[in-house]
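# Below is the sequence, then the predicted model.
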Amino acid sequence: MRVVLLKAQILITLHMQQREVLLLYILSAPHVLRRVCGNDKCADCGAPEPDWASLNLGVLVCIECSGVHRNFGVHISKVYCTRALS
């Protein structure tokens, strides 16, 4: 039973890591993110030209709202600056 649970946990972890790598790859081209309809403003407050992205939620947010997202914890919203990745 323990081996089965361990295998399941390994598969879940690998899947999560692959998803994060894919999202980081997408974030490496912030000009592409900005072309997506609605990404020209913060998903939370509507501020123009947001520079932060929540990988878990798939939205762009402004610097002020990114602080709120960081306080949620990475299990809720993992935010990265799109300028630092470009």
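In hand now; what should we look at?

# Now that we're looking at the closest residue in space to residue 34 that isn't next to it in sequence, what pLDDT does it have?
Sequence neighbours aside, residue 40 is the residue nearest to residue 34 in space, at 6.4 Å (criterion: Cβ to Cβ, 6 or more residues apart in numbering). From N, CA and C alone the C-beta is placed, and that goes for glycine too. Looking at residue 40, its pLDDT is 89.

# got it, and residue 20?
At residue 20, pLDDT is 67.

# now residue 75
84.

# again with the one 4 residues further on
With respect to pLDDT, residue 79 has a value of 89.

# What is the neighbour count of it?
23 (other Cβ atoms under 10 Å).

# what sits against it?
Listed by Cβ atoms under 8 Å, 6 or more residues apart in numbering, the contact set of residue 79 reads 52-55, 61, 66, 69-70.

# got it, and residue 74?
Here residue 74 is in contact with residue 56 (Cβ under 8 Å, 6+ apart).

# Shouldn't it be within a strand?
No - assessed with DSSP: H, G, I helix; E, B strand; the rest coil, residue 74 is coil; it does not lie in a strand.

# Now the phi/psi pair for it, please.
Per-residue torsions, residue 74: phi -70, psi -20 (degrees, to the nearest 10).

# ok, it to residue 54 distance?
Counting by Cβ to Cβ, to the nearest Å, the separation of residue 74 from residue 54 is 10 Å.

# Also residue 48?
Using Cβ to Cβ, we find residue 48 at a distance of 18 Å from residue 54.

# follow-up on the earlier one: let me know how buried the residue nearest to residue 34 is, in neighbour terms.
Neighbours around residue 40, by other Cβ under 10 Å: 12.

# between residue 48 and residue 54, who's got more neighbours?
residue 54 (22 against 8).

# Assess the claim that the more buried one and residue 69 are in contact.
Yes - counting by Cβ atoms under 8 Å, residue 69 is a contact partner of residue 54 at 5.6 Å.

# For the protein, which segments are assigned as strands?
52-54, 59-61, 79-81 (DSSP state E).

# Quick one: closest of those strands to residue 35.
strand 59-61 (11.4 Å; Cβ to Cβ).
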